[in-house]
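[1] need a 3D model of the sequence below.
(one chain, ligands or ions: 1)
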Amino acid sequence: MRIQITDSEIETLGKYIKEKSGIALDASKAYLFESRLSPILNELGCSNYLGLYSLCKRDFAGRLTTRLIDAMCTNETSFFRDKSPFLLLVQKLVPDFYEQNPYGTLNIWSAAASTGQEVYSSIMQLIDAGITPPRFKMRLIATDISDTAIAKASRGKYTKFELARGMEGAKLHKYFHPVGDDWVIKEEIRAMVTFKKINLLDPLQLTLLGKFDIIFCRNVAIYFSMEDKRKLFDALGTQLTPNGSLMIGSTESLLGVTDRFAKKEFRSMIYYQKT
Ligand SMILES: C[S@@+](CC[C@H](N)C(=O)[O-])C[C@H]1O[C@@H](n2cnc3c(N)ncnc32)[C@H](O)[C@@H]1O
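    Here you go, the predicted model:
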């Protein structure tokens, strides 16, 4: 049963969600609260959203809050989304890195990785370009705040529908094997990535990840307030090595958000480096 949410409940719950994840939701998103949280309310026997809020506040282990955030995250993604970040990777950013550090370890971070398509697309693109370990040393990390998204990413199992969004037939057969109606990424690819649950707005969690030469942080800041966007990109600047590069979503811009980055262009493809 769908349970209607009031404006004051949106204000209370929205404030709590923003504080825990950065995701900014206002009254225009009432349908999102109702469609995503009604099943939880029904399951817990809550008749209204303030009941859910009180339960979250009383759950000191934080499991219900995790579930709440998980439900309110939009995990929309696809393989080779926007194409250009993956071309930039193999045509410019990775060759530049190994030219400057022939024996160095390349650190790549897919921040807000959702269900893993972004990080697996990077690996497939690198391997197809002949950039593979052990000749080229690399460390890949994929993180997301959503428990269910990051668990799915680390399983690497996708439906035909998910694969139809961006995955070419030749790559599918090269990098996946079928399991029933689904396809699973080959173990040697999966094993190249470390998956972690990380809140991008928690500076301590970011510091513990170390420094990165390439950061993908695409299509997550669109859900944040300007203040949290600024916090996020300033923190990413701290996590980036001096010559490191940042890639954001094709509809996103850092203009007016932070002056910590300079916009760079290579063959009409955009990325950012620290000023
Ligand atoms: C729309 S998806 C983008 C996925 C991928 N980067 C892409 O562009 O295809 C946004 C992801 O950001 C995650 N997210 C939202 N708030 C976050 C936060 N504070 N910290 C980390 N991840 C967050 C969501 O769980 C979701 O998986």
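[2] which residue is the nearest non-sequential neighbour of T66?
    The shortest distance from T66 to any non-neighbouring residue, by CB to CB, 6 or more residues apart in numbering, is to D147 (5.8 Å). Yep, even glycine has a C-beta here, placed from its N, CA and C like the rest.
[3] residue contacts, that neighbour?
    Neighbouring residues of D147 by CB atoms under 8 Å, 6 or more residues apart in numbering: 66, 70, 197.
[4] ok, now Y49?
    The contact partners of Y49, by CB under 8 Å, 6+ apart, come to 3, 5-6, 9-10, 12-13, 33, 37, 41.
[5] equivalent analysis for D234, please.
    Counting by CB under 8 Å, 6+ apart, D234 touches 258, 260.
[6] mind exporting the helix or strand hosting it as CSV, just the C-alpha atoms?
    Remark: D234 resides in helix 226-239, with elements defined by DSSP states H and E. Output of helix 226-239 as CSV, limited to C-alpha atoms (Å, rounded to 0.1, in the frame of the first residue of the first chain):
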residue,chain,number,x,y,z
MET,A,226,25.8,23.5,-3.7
GLU,A,227,27.4,23.4,-0.3
ASP,A,228,27.8,19.6,-0.4
LYS,A,229,29.0,19.7,-4.0
ARG,A,230,31.8,22.1,-3.0
LYS,A,231,32.7,19.9,0.0
LEU,A,232,32.8,16.9,-2.3
PHE,A,233,35.0,18.4,-5.0
ASP,A,234,37.3,20.0,-2.5
ALA,A,235,37.8,16.6,-0.8
LEU,A,236,38.4,14.9,-4.1
GLY,A,237,41.1,17.5,-4.8
THR,A,238,42.8,16.4,-1.7
GLN,A,239,42.6,12.8,-2.7
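[7] how close does F80 get to A149?
    Per CB to CB, to the nearest Å, F80 is found 18 Å from A149.
[8] same question, M72
    M72 is 12 Å from A149, by CB to CB.
[9] what does R218 give?
    Remark: distance between R218 and A149 (CB to CB) = 14 Å.
[10] check E187 too.
    Counting by CB to CB, the gap from E187 to A149 is 21 Å.
[11] those two: who's more crowded?
    A149 (22 against 10; other CB atoms under 10 Å).
[12] next, the more buried one: secondary structure please.
    Counting by DSSP: H, G, I helix; E, B strand; the rest coil, the backbone at A149 sits in helix.
[13] burial count for P85?
    P85: 24 neighbours (other CB under 10 Å).
[14] chain neighbours aside, what residue packs nearest to the residue nearest in space to the middle of the chain?
    Nearest to the mean C-alpha position of the chain, by CA atoms, centre = their mean, lies A112 at 1.5 Å. Taking CB to CB, 6+ apart, and ignoring the residues beside it in sequence, A112 has V220 as its nearest neighbour in space, at 3.6 Å.
[15] test my guess that the one you found contacts A111.
    Yes - look at V220 against A111 with CB atoms under 8 Å: they come within range, at 7.3 Å.
[16] give the residues shared as contacts by those two.
    Listed as contacting both V220 and A111 by CB under 8 Å, 6+ apart are L200.
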